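just coords:
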Ligand code: SF4
């Protein structure tokens, strides 16, 4: 496939990694790089990219898996909607998330109406086809996903579809990064920034954060060539003592992002304080539906209430999400918590750090 | 294989626009054709490569930049 295979050229990947290793040698110390996005974590694992670098390079995974950063209180509202007899539509990733020993799969087997969608537009089509049914869709994701739901809501409005409502649990990446870098225990040397969130928001939102915390960053694509080149660019910044936001993924990420998508997102949603697994409450880091769209707000219309749960003892999901612990430091990892018996969301999501470690077995 | 492809589509790989019909396009991912929403983009044309996330095109890939970048990488990483 064009524009994919070329960026998977193993020979090129190895050569760029060689250049990166030369830079590591120059630095002569351990370098901690955080890949913010779960898709990067998965790609690093799937292509075995860690093994290409000298051991001085420590790659840690950040809070970039949308399902993983959603707290149990958020999931509880999604479960409530199904239990209240609504037709619940969710992305496949959500189906096996454990909450109090149950999952949406369990609910479905108990006879509740839970359906997997590939796109928010699928939910719209279902609602249009079945006007008698009340549909609720779970809005989980970052800036890559919220504009799609915004445009789906706008379509519902203009087509007069009233039987589809949204539980907005969307989160914004820049405020979370800011909070993460404020923490003193992490000591991150550089950031690999998410390619597709940046496709929407562009480069600007990161500039102040990078300046304020003195941590260089590179917006990076998802193919092996992209990732090793993103790492090389970061190391070069460190060697040259620069601290900037660079763009490795310029074939897709424009300086200003996708202006239309940003506009639609702001038209439908407003920023609100939001709770993250591992980070706690982060100011203006979530999105709620604006007053004008309250008709589509499942939380308000159906009075859904966030309920806290007690996490199973030993679970380190919060620490794994914020990058302060690695999966193999969790006493449940592989022994109790496995993809076929997940204890936390990090083990089930296709972008989850524990799942990435499990499948690649880079967890030592 | 099918599952893998679906997962990859979620990851936003580029596909080639084969037809544009109003708000939707038919996009080919190495031969697998899918309907894709165009609500977030203006001026998408046949032959464009678009990055697709959860059924929506989120950006048009800049082909010239993509090829220049590869050239540059091959050069600077050369022995
Ligand atoms: S191994 Fe399981 S319980 Fe432990 S941090 Fe990972 S997902 Fe959470």
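Ah, there it is. The shown structure was predicted, so the numbers you read here are calculated from the model rather than taken from an experiment.

switch to C-alpha atoms for all contacts and neighbour counts from now on
Will do.

What sits closest to residue A:205 if chain neighbours are left out?
Using Cα to Cα, 6 or more residues apart in numbering or on different chains and skipping residues adjacent in sequence, the residue nearest residue A:205 is residue A:174, 6.7 Å away.

Give me the distance between that neighbour and residue B:19.
36 Å (Cα to Cα, to the nearest Å).

and if you look at residue A:111?
40 Å.

How about residue A:216?
Separation of residue A:216 from residue B:19 (Cα to Cα): 41 Å.

which of those two has more neighbours?
Between residue A:216 and residue B:19, residue A:216 has the larger neighbour count (other Cα atoms under 10 Å in any protein chain shown), namely 26 against 16.

got the contact list for the more buried one?
Each residue near residue A:216 by Cα atoms under 8 Å, 6 or more residues apart in numbering or on different chains is listed here: A:189-191, A:210, A:234, A:237-238, A:242-245.

try 6 Å this time
Residues near residue A:216 by Cα atoms under 6 Å, 6 or more residues apart in numbering or on different chains: A:190, A:243-244.

Closest one of those residues to chain B?
residue A:244 (19.6 Å; Cα to the nearest Cα).

which SSE is residue B:40 in?
Per DSSP states H and E, residue B:40 falls between elements, in no helix or strand.

meant to ask about residue A:282
strand A:280-289.

quick one on the thing from earlier: who wins on neighbours among the contacts of residue A:216?
In terms of neighbours by other Cα under 10 Å, the contacts of residue A:216 top out with residue A:190 at 24 neighbours.

who are the neighbours of the longest strand seen in chain B, in terms of helices and strands?
Counting residues, the longest strand found in chain B (DSSP state E) is strand B:14-21. For strand B:14-21, the packing partners by 3 or more Cα pairs under 6 Å, 6 or more residues apart in numbering or on different chains; DSSP states H and E come out as strand B:24-29, strand B:49-53.

check whether the helix or strand following the shortest one contacts chain A.
Okay, so that is strand B:49-53. Sequence-wise, the next helix or strand downstream of strand B:49-53 (DSSP H and E) is strand B:56-60. No: shown here: strand B:56-60 not in contact with chain A (Cα under 6 Å from any Cα of the partner chain), separated by at least 6.6 Å.

Go through the following helix or strand past strand B:56-60 and flag the buried ones.
Next along the chain after strand B:56-60, taking DSSP H and E as the criterion, comes helix B:63-76. Neighbour counts over helix B:63-76 (16 or more other Cα atoms under 10 Å in any protein chain shown) mark B:66, B:69, B:73-74 as buried.

now swap in stretch B:35-48 and tell me
The neighbour-count check on stretch B:35-48 (16+ other Cα under 10 Å) flags B:35-41, B:44, B:48 as buried.

Please see if that stretch touches chain A.
Yes: against chain A, stretch B:35-48 shows contacts by Cα under 6 Å from any Cα at residue B:40.

quick one: that stretch to chain centroid distance?
Mean-position distance between stretch B:35-48 and its chain equals 10 Å (Cα atoms, centre = their mean, to the nearest Å).

picking up where we left off before, save the buried residues of stretch B:35-48 as TSV, and put in pLDDT too.
Listed next are the buried residues of stretch B:35-48 as TSV, based on pLDDT from 0 to 100:
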residue	pLDDT
B:35	94
B:36	96
B:37	97
B:38	97
B:39	97
B:40	98
B:41	97
B:44	96
B:48	97
